[in-house]
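S.K.: have a look at this fold, sequence not included:
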C-alpha cells in the first residue's frame, strides 16, 4: 500500500495543502487565496472560520488530485507565518478576526519600548528584535483597546497552532513558533515571567498554551475534522513548525555548514548553530526544530513581493495576455530581464514597498532612471535590488559565522533561472535549489513523517526527503561590477535615512 504525508502551509496570502510520498516527492498541491481585511490603515486581519474553511478545501482538493483517501495519509503537520494574534475562547471558537503578521496597529508600543530600552533589557532572553505584529505588542494593544476580547479568550495561538487545534481539538503551542514571539526565554525554551513583566503583560500569561515540539504527536484527527477534510479519524498530527524552520528542513539545513535563503513575501536568510547569537545586529534567534540547534535569522519584507506589487500595478494587460495563452506573467518578466546585461544600466531599486530592513520609515525608490531605459531595465533593477537586500542581511550574519561554500535558495525567485543567476553573480557563491515548489509544506511533511514513525528523527527524515534539483554557478565576469553596484546601494541607504522620516510624516 502506498504511504503518504500531508503538509499544510498557511502563508501570508495563500493556504496550501500538499500530499507527499515518504521520500519527499510532491504528488499534489492545492492552494486557496486568503481574503485579508484591512478595516483601517495598518490593520491586517482574517476571519478565522473562513481560514479554516479554506484549509479544509485545500486538504480535500490535494487528496482528490493525488487520488488518495484519508486512510492513505500516515501523518499531518502544519506550518505558517509567525506571530500575529489568534485568540480562541473556552469552546475553542475564535474570539475575533485573527491579526496577521503584517499588522502595524501596535507600533506605538514598539516605539515606546525602544525609547525606554525595554528591547535591550529583554534581548539576552528573547534574542530578537521587536516589531508591531509580535503578540507581545498586540496583546498590550488589545488590553488597552479591546479588553472585552481578552476577557473572552483562553488562549492566543499562532496560525500553525490554530489549524492544529481545529484538526485535533487539543490546545498547545509549538515551540519554534513561540520562540519567535518575544514571549519566551529562547535559551531555556520556556515562557519567561520576567519577559512578560518587562512588556507590561504579565497578567496575560494565562493566554499562553502549553508547549510542544515540532515532531511530537499533539493529537489525532477528530471525527468532526475528519468529516470536514476527508482525513481519517485518528490520523496523528504533529506539532508543526514556524515557516522559517519548515523551509530550513526542506532545504536540508541539518548542521552548521549550510546557509539558506527564502525569497518570497519576506526575504529570509538563515543558518543554524548549537550556539545562539544574541546581538542587536541579528534580527532574530529562535529555537530550531532539530533539538540542540538555534536558528539565526536576518529577514525583512523586502523580497519577491516587491516584484508582485510592480506586476500587479503596471502589467495587468500583459498578465491577462499571458494567462490567455496559459503562460505566467513572471515568465514574461524573466524573459525581459534576460534580454539585458548587468552593465547596461546603473539604476538602483530600494525594495521597501512593504517594509524596510534599515528604517521603520523606509520607502521604496528607483535611482538613476533616465529616458533611454526600457521596462526591461526597470525589471532588472527590481531583481537586483531584492538580491542586494538579501546581501545586506547576509553581511550581518557573516559577522558571526564563516562564509558559506554554497547557499540554498527557495521561494518564488528560485523558480526563475535569470534571477537565480543574479543571486549567484551578486553573492559570488554557488546557489543550490532544493527540489519541489512547496518547501513550507514539505518541511511540515518532514515533521509529520517523524510523528508517524516513518523516521527516527528529523535529521533522518531530511536525509530521505530532501534533494537538490539544480546548482547555479556565479559568473566571475560580473563580480567587480556587482560589488560597485552594491556599494552604491549601501550609500543610498545612508543618504536616504534622514529623508524617510519626512516622507513617513506625510503619509501618517
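M.R.: That came through fine. Note that the structure is predicted; figures quoted are calculated from it, not measured.
S.K.: shouldn't residue 38 be in contact with residue 44?
M.R.: Yes: using C-beta atoms under 8 Å, residue 38 is in contact with residue 44, at 6.0 Å. For glycine as for every other residue, the C-beta is placed from the backbone atoms N, C-alpha and C.
S.K.: these two: which is more packed in?
M.R.: residue 44 (20 against 12; other C-beta atoms under 10 Å).
S.K.: distance of that one relative to residue 114?
M.R.: Separation of residue 44 from residue 114 (C-beta to C-beta, to the nearest Å): 22 Å.
S.K.: also residue 451?
M.R.: The spacing between residue 451 and residue 114, counted by C-beta to C-beta, is 40 Å.
S.K.: between those two, who's got more neighbours?
M.R.: For residue 451 versus residue 114, neighbours defined as other C-beta under 10 Å are more numerous around residue 451 (24 against 14).
S.K.: specify the beta-bridge partners of the closest residue to the more buried one other than its chain neighbours.
M.R.: Excluding the flanking residues, the one nearest residue 451 by C-beta to C-beta, 6 or more residues apart in numbering is residue 238, at 3.7 Å. Beta bridges link residue 238 to residue 217, judged by DSSP bridges.
S.K.: pretty sure residue 238 sits against residue 217.
M.R.: Yes: assessed by C-beta under 8 Å, residue 238 is found in contact with residue 217 at 6.4 Å.
S.K.: quick check: neighbours shared by the two?
M.R.: In terms of C-beta atoms under 8 Å, 6 or more residues apart in numbering, residue 238 and residue 217 are both contacted by the residues residue 451.
S.K.: the two: who's more crowded?
M.R.: Taking other C-beta under 10 Å, residue 238 and residue 217 do not tie; residue 238 has more neighbours (30 against 18).
S.K.: so who does the more buried one touch?
M.R.: 75-77, 214-218, 444, 447-448, 450-452.
S.K.: roughly how far apart are it and residue 481?
M.R.: On the measure of C-beta to C-beta, residue 238 and residue 481 end up 47 Å apart.
S.K.: can you give me the strands in the stretch 401-508 of the chain?
M.R.: Taking DSSP state E, counting those that start in this stretch as the test, the strands found in the stretch 401-508 of the chain are 407-411, 431-434, 468-472.
S.K.: what pairs with the shortest one, parallel or antiparallel?
M.R.: Yep, that's strand 431-434 we're talking about. strand 407-411 (parallel), strand 468-472 (antiparallel).
S.K.: neighbouring contacts of the last one?
M.R.: Right, strand 468-472. Contact partners of strand 468-472, identified using C-beta under 8 Å, 6+ apart, comprise 252, 406, 408, 417, 420-421, 423-424, 430-436.
S.K.: what's the closest of these to residue 169?
M.R.: Within the contacts of strand 468-472, the smallest distance to residue 169 is 31.0 Å, found for residue 436 (C-beta to C-beta).
S.K.: show the buried residues in the contacts of strand 468-472.
M.R.: With neighbours counted by 16 or more other C-beta atoms under 10 Å, these contain buried members at 252, 408, 420-421, 423-424, 431-436.
S.K.: mind listing the strands for the stretch 151-300 of the chain?
M.R.: If DSSP E, counting those that start in this stretch is used as the criterion, the strands of the stretch 151-300 of the chain fall at 155-157, 173-174, 184-185, 190-191, 211-212, 217-220, 236-238, 241-242, 259-263, 267-273, 284-287, 294-300.
S.K.: deepest-packed of these, please.
M.R.: Across the strands of the stretch 151-300 of the chain, averaging neighbours per residue (mean count of other C-beta atoms under 10 Å) puts strand 241-242 on top, at a mean of 31.
S.K.: what are the pairing partners of that strand, and which direction each?
M.R.: strand 73-80 (parallel).
S.K.: quick check: next helix or strand after the strand it pairs with?
M.R.: For strand 73-80, the following helix or strand on the C-terminal side (DSSP states H and E) is strand 86-88.
S.K.: quick check: mean pLDDT of that following strand?
M.R.: Mean per-residue pLDDT for strand 86-88: 98.
S.K.: then stretch 366-381?
M.R.: Mean predicted confidence for stretch 366-381 is 95.
S.K.: can you check stretch 288-307 too?
M.R.: Per-residue pLDDT values over stretch 288-307 give a mean of 95.
S.K.: distance between the ends of it?
M.R.: 30 Å (C-alpha to C-alpha, to the nearest Å).
S.K.: do stretch 340-358 as well
M.R.: 29 Å.
S.K.: buried residues, that stretch. List them.
M.R.: 340, 342, 345-358.
S.K.: residue 387: which of those residues is nearest?
M.R.: Nearest member of the buried residues of stretch 340-358 to residue 387, counting by C-beta to C-beta, is residue 351, at 9.2 Å.
S.K.: so the closest one sits against residue 386, correct?
M.R.: Yes: the criterion here is C-beta under 8 Å, and residue 351 meets it with residue 386 at 4.9 Å.
S.K.: common neighbours of the two, please.
M.R.: Joint contacts of residue 351 and residue 386 (C-beta under 8 Å, 6+ apart) are 302-303, 306.
S.K.: now intersect those with the helices, please.
M.R.: In this view, the shared contacts of residue 351 and residue 386 that belong to helices under DSSP state H are residue 306.
S.K.: neighbour count and distance to residue 284 added to the shared contacts of residue 351 and residue 386, as CSV?
M.R.: As requested, the shared contacts of residue 351 and residue 386 are exported to CSV (neighbours: other C-beta atoms under 10 Å; distance: C-beta to C-beta, whole Å):
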residue, neighbour count, distance to residue 284
302, 28, 15
303, 28, 16
306, 24, 21
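S.K.: so which of the shared contacts of residue 351 and residue 386 would you say is closest to residue 169?
M.R.: Closest approach to residue 169 among these (C-beta to C-beta): residue 303, at 36.6 Å.
S.K.: just give the nearest non-adjacent residue to the closest one, would you?
M.R.: Spatial nearest neighbour of residue 303, chain neighbours left out: residue 267 (3.2 Å); criterion: C-beta to C-beta, 6+ apart.
S.K.: give me the beta-bridge partners of the one you found?
M.R.: Assigned bridge partners for residue 267, using DSSP bridges, are residue 263, residue 300.
S.K.: ok, it to residue 202 distance?
M.R.: 34 Å.
S.K.: could you dump the shared contacts of residue 351 and residue 386 into JSON lines and include distance to residue 314?
M.R.: Shown next, in JSON lines, are the shared contacts of residue 351 and residue 386 (distance: C-beta to C-beta, whole Å):
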{"residue": "302", "distance to residue 314": "19"}
{"residue": "303", "distance to residue 314": "19"}
{"residue": "306", "distance to residue 314": "12"}
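S.K.: list just the nearest of the shared contacts of residue 351 and residue 386 to residue 234.
M.R.: Residue 234 lies nearest to residue 303 out of the shared contacts of residue 351 and residue 386, by C-beta to C-beta, at 40.0 Å.
S.K.: give me the phi and psi for residue 255.
M.R.: phi -150, psi -170 (degrees, to the nearest 10).
S.K.: pLDDT score assigned to the closest residue to it other than its chain neighbours?
M.R.: Setting aside the residues directly before and after it, residue 255 is nearest to residue 272 in space (C-beta to C-beta, 6+ apart), at 7.4 Å. The model reports residue 272 with a pLDDT of 97.
S.K.: any idea how far residue 224 is from residue 272?
M.R.: Residue 272 is 38 Å from residue 224, by C-beta to C-beta.
S.K.: do the same with residue 3
M.R.: From residue 3 to residue 224 the distance is 25 Å (C-beta to C-beta).
S.K.: likewise residue 322?
M.R.: Taking C-beta to C-beta as the measure, residue 322 falls 42 Å from residue 224.
S.K.: let me see the contact set for residue 107.
M.R.: Shown in contact with residue 107 (C-beta under 8 Å, 6+ apart): 42, 132, 137, 360.
S.K.: just the buried residues out of these, in PyMOL syntax.
M.R.: Selection command for PyMOL covering only the buried members of the contacts of residue 107, criterion 16+ other C-beta under 10 Å:
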select buried, resi 132+137+360
